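*Asks:* sequence-free structure coming up:
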């Protein structure tokens, strides 16, 4: 194992929201509430530009929606769908009834939907906002002139909202302040509040039910430290599901800049414990294939603060068992309906079958047996081709599988020892669909340690045992194994009458 350990897998933070929700809840990162005549061409514009440069999606209405007596529904919706509200309290802010209605909505969303609110006092004293003194008191007095009971009710709501906003921690921009420095600080705070959203392939099928089971195993509301293992065959979608999981739950963690630098293994363990043991952290460790990686990166629950969640992916279930994870989630293959939908998204760039391709598409679905990677590879291969080309390509795939798919599956095969490889090849050619007890007896007769080898294949997700105790293997693994076996037999000069053996087994 290398002496240096990569830390890009670790995302650490302090706790933020307690609400479990997906990022699809937010259409905007930031909603701006400001008085245009005061700051539209100055401070607000500079802050808006800085946020855009940081790829922070910001809603700013240049008063195009502020018409008539009532606030436009589009503005109310934008406030509801914004993660953060930035309120720029300037001298003439409270003169505007639209600004005050926005403020009421923002404060309501803070209480009901847990929005974050950042008040900025621009060339006014924050106490004027909080206590409605001086120019803010004068503006309130003007609103109260000739007000009927309905308007007096609105004014009371405006004052309450101003008081609540004035109590919040924010920024005070004085006449002699260096505005560029304050803007940098505001952008930094907002940037740290917004979880980073990772790119996930848009052609995701069958994710909801699997993600629901995984989230259940995380027990996200419990305060303890919890380690969860995600395992499965290569190409089954482990990385895709944890990327989707990250986008779903990372809004409970405040993203911070910087990273942990681990110069060597022993120093790295100390750095991780010293920096993360008091923090609620979200850790993703992807594609583990060695127990030492777990030992040195996420060795013990006590290394992390209360509420932390550590998610580990691997092709080897035995690593998760040895590490004593709290919950193990095995990603299962897609069913036929899901597989056909995913295949169509690559073969036809839509989720529906194209006329004249039903039988051929079903043939592909049967061939790849629910493996997402294979559906993507074969679908992309066939995209834009006619029926005759489809038939030719499928015929070739039946003889020689896709190199891209085989290379992914071969990674797990290369991790087996020689005895385990031999047992895998024997199962691929002879024993698929045979009772495990009978296979164990035959392999023991060949001086293999059958039980140990079969358990290793189970842990590596090469095989499964059906309810009726028969050995099952994915069709693409079987095809790969038969091709490998031909090469092995040539090198070993191993002779066997396969037909006789098969008859003996089935007898």
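*Replies:* Yes, it's here. Note that the structure is predicted; figures quoted are calculated from it, not measured.

*Asks:* rest of the way, CA atoms for contacts and neighbours
*Replies:* Fine.

*Asks:* which residues touch residue 435?
*Replies:* Residues counted as contacts of residue 435 (C-alpha atoms under 8 Å, 6 or more residues apart in numbering) are 468, 469, 470, 471.

*Asks:* quick one: which of these is most hemmed in?
*Replies:* In terms of neighbours by other C-alpha atoms under 10 Å, the contacts of residue 435 top out with residue 471 at 22 neighbours.

*Asks:* Surely it is in contact with residue 461?
*Replies:* No - using C-alpha atoms under 8 Å, residue 471 is not in contact with residue 461, being 12.0 Å away.

*Asks:* Of the contacts of residue 435, which belong to strands?
*Replies:* Mapping the contacts of residue 435 onto strands (DSSP state E) picks out residue 471.

*Asks:* and which of the contacts of residue 435 is nearest to residue 422?
*Replies:* Nearest to residue 422 out of the contacts of residue 435 is residue 471 (C-alpha to C-alpha; 15.6 Å).

*Asks:* For the closest one, which residues count as its bridge partners?
*Replies:* Beta-bridge pairing of residue 471 under DSSP bridges involves residue 465.

*Asks:* quick one, strands of the stretch 401-507 of the chain?
*Replies:* 463-465, 471-473 (DSSP state E, counting those that start in this stretch).

*Asks:* will you turn the ones you listed into CSV that also has mean pLDDT and distance to residue 288?
*Replies:* Formatted as CSV, the strands of the stretch 401-507 of the chain follow (pLDDT from 0 to 100; distance: least, C-alpha to C-alpha, whole Å):
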stretch, mean pLDDT, distance to residue 288
strand 463-465, 90, 19
strand 471-473, 92, 23
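
*Asks:* So residue 231 sits against residue 333, correct?
*Replies:* No - between residue 231 and residue 333 there is no contact under C-alpha under 8 Å: 11.9 Å.

*Asks:* Which one's more surrounded, these two?
*Replies:* More crowded of residue 231 and residue 333, by other C-alpha under 10 Å: residue 231, with 29 against 19.

*Asks:* Can you check what pLDDT the model gives the more buried one?
*Replies:* Per-residue confidence (pLDDT) for residue 231: 94.

*Asks:* cool, and residue 451?
*Replies:* Residue 451 carries a pLDDT value of 89.

*Asks:* if we can go back for a sec, okay, the contacts of residue 435 in JSON lines with distance to residue 447 next?
*Replies:* Formatted as JSON lines, the contacts of residue 435 follow (distance: C-alpha to C-alpha, whole Å):
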{"residue": "468", "distance to residue 447": "26"}
{"residue": "469", "distance to residue 447": "22"}
{"residue": "470", "distance to residue 447": "21"}
{"residue": "471", "distance to residue 447": "20"}
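
*Asks:* wait, which of the contacts of residue 435 is closest to residue 347?
*Replies:* Distances from residue 347 to the contacts of residue 435, taken by C-alpha to C-alpha, are shortest for residue 471, at 32.3 Å.

*Asks:* so how far is residue 456 from that closest one?
*Replies:* Look at residue 471 and residue 456: by C-alpha to C-alpha, to the nearest Å, they are 13 Å apart.

*Asks:* and if you look at residue 207?
*Replies:* Distance from residue 207 to residue 456, by C-alpha to C-alpha: 28 Å.

*Asks:* before we move on, what about residue 337?
*Replies:* Going from residue 337 to residue 456 by C-alpha to C-alpha gives 31 Å.

*Asks:* between the two, who's got more neighbours?
*Replies:* Each of residue 337 and residue 456 has its neighbours counted (other C-alpha under 10 Å); residue 456 has more, 21 against 13.

*Asks:* contacting residues for that one?
*Replies:* By C-alpha under 8 Å, 6+ apart, the contact list for residue 456 reads 318, 420.

*Asks:* Got the confidence number for it?
*Replies:* Residue 456 is assigned 90 on the pLDDT scale.

*Asks:* ok, now residue 159?
*Replies:* pLDDT for residue 159: 85.

*Asks:* And for residue 198?
*Replies:* pLDDT, the model's per-residue confidence, is 65 for residue 198.

*Asks:* And for residue 237?
*Replies:* On pLDDT, residue 237 comes in at 89.

*Asks:* cool, and residue 67?
*Replies:* pLDDT at residue 67 comes out at 53.

*Asks:* just residue 62 next, same as before
*Replies:* Among the per-residue scores, residue 62 holds a pLDDT of 62.

*Asks:* follow-up on the earlier one: Serialize the strands of the stretch 401-507 of the chain to CSV and add fields for distance to residue 247.
*Replies:* Listed next are those as CSV, based on distance: least, C-alpha to C-alpha, whole Å:
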stretch, distance to residue 247
strand 463-465, 31
strand 471-473, 33
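
*Asks:* of the ones you listed, which approaches residue 358 most closely?
*Replies:* Counting by C-alpha to C-alpha, residue 358 lies closest to strand 471-473 out of the strands of the stretch 401-507 of the chain; the figure is 26.1 Å.

*Asks:* tell me what that closest one is packed against?
*Replies:* When contacts are defined as 3 or more C-alpha pairs under 8 Å, 6 or more residues apart in numbering; DSSP states H and E, strand 471-473 packs onto strand 463-465.

*Asks:* which other residues reach the strand it packs on?
*Replies:* 436, 457, 458, 471, 472, 473, 474.

*Asks:* For the second one, which non-adjacent residue is closest in space?
*Replies:* When the adjacent residues along the chain are set aside, residue 457 lies closest to residue 463, with 5.9 Å between them (C-alpha to C-alpha, 6 or more residues apart in numbering).

*Asks:* And the strands in the stretch 251-400 of the chain?
*Replies:* Taking DSSP E, counting those that start in this stretch to define them, one finds strands in the stretch 251-400 of the chain at 281-288, 309-314, 327-330.

*Asks:* and the shortest one, which strands flank it?
*Replies:* Going back to what we said before, that points to strand 327-330. Strand pairing for strand 327-330, using DSSP bridges, gives strand 226-231 (parallel).

*Asks:* Ok, the second one next?
*Replies:* Using DSSP bridges, the neighbouring strands of strand 309-314 in the sheet come out as strand 226-231 (parallel), strand 281-288 (parallel).

*Asks:* Please work out which of the ones you listed is packed deepest.
*Replies:* Mean neighbours per residue, mean count of other C-alpha atoms under 10 Å, is largest over these for strand 226-231, with a mean of 24.
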